[in-house]
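Got a sequence here, can you model it:
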Amino acid sequence: MSKQGKSGKSRNRYSQQYKDEALALAERVGVPEAAKQLGLHDTQLYGWRVKARLNQQRSEVEQKLAVENARLKRQLAEQTEELAIIKRAAAYFARRLK
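Model (predicted):
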């Protein structure tokens, strides 16, 4: 796909699969050589690489947050159950005292 910019030049849009394959090539042969082979600017590959690394870091953070969220949900369920038991015990003993 291409998009017309302000300067009148068309702007290419690349699929995520293409970007991933281009970055894999850049890992193997280096960014300058990969850019040359693919007809891209070095800066474009470097930009894609930075975004890919940020997305990977964000995914790791989201995974850690999901683990923490699950832990907190388990803790809340346990405390809710304990509170229900304490309430039932309090009601039982309150009836016994009357």
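
Could you list which residues are in contact with residue 37?
Residues in contact with residue 37 (Cβ atoms under 8 Å, 6 or more residues apart in numbering) are 25, 29. For the C-beta atoms, the positions are set from N, CA and C on the backbone; glycine is no exception.

Any figure for the gap between it and residue 82?
Distance of residue 37 to residue 82, given as Cβ to Cβ, to the nearest Å: 63 Å.

swap in residue 75?
With distances taken as Cβ to Cβ, residue 75 is found 11 Å from residue 82.

Which parts of the protein are strands?
In the chain, the strands defined using DSSP state E lie at 2-4, 10-12.

Rounded mean pLDDT for the first one, please.
Over the span of strand 2-4, the pLDDT mean works out to 46.

From residue 24, how far off is residue 45?
Distance check for residue 45 against residue 24: by Cβ to Cβ, it reads 11 Å.

Neighbour count for those two, which is higher?
Neighbours around residue 45 and residue 24, counted as other Cβ atoms under 10 Å, are more numerous at residue 45. The numbers are 21 against 11.

who touches that one in this structure?
Counting by Cβ under 8 Å, 6+ apart, residue 45 touches 22, 23, 26, 31, 34, 35, 38.

Now residue 44: closest residue in space, sequence neighbours ignored.
Distances taken as Cβ to Cβ, 6 or more residues apart in numbering place residue 35 nearest to residue 44, at 7.1 Å, with adjacent residues excluded.

give me the low-pLDDT residue ranges for the chain?
1-9 (pLDDT under 70).

what residues are up against residue 40?
For residue 40, the residues meeting the contact criterion (Cβ under 8 Å, 6+ apart) are 22, 34.

so how far is residue 56 from it?
Between residue 40 and residue 56 the distance, using Cβ to Cβ, works out to 21 Å.

in this structure, which spans are helices?
Counting by DSSP state H, one finds helices in the chain at the ranges 16-29, 31-38, 42-97.

ranking those helices by burial, who's on top?
Among the helices of the chain, judged by mean count of other Cβ atoms under 10 Å, the one packed with the most neighbours on average is helix 31-38 (a mean of 16).
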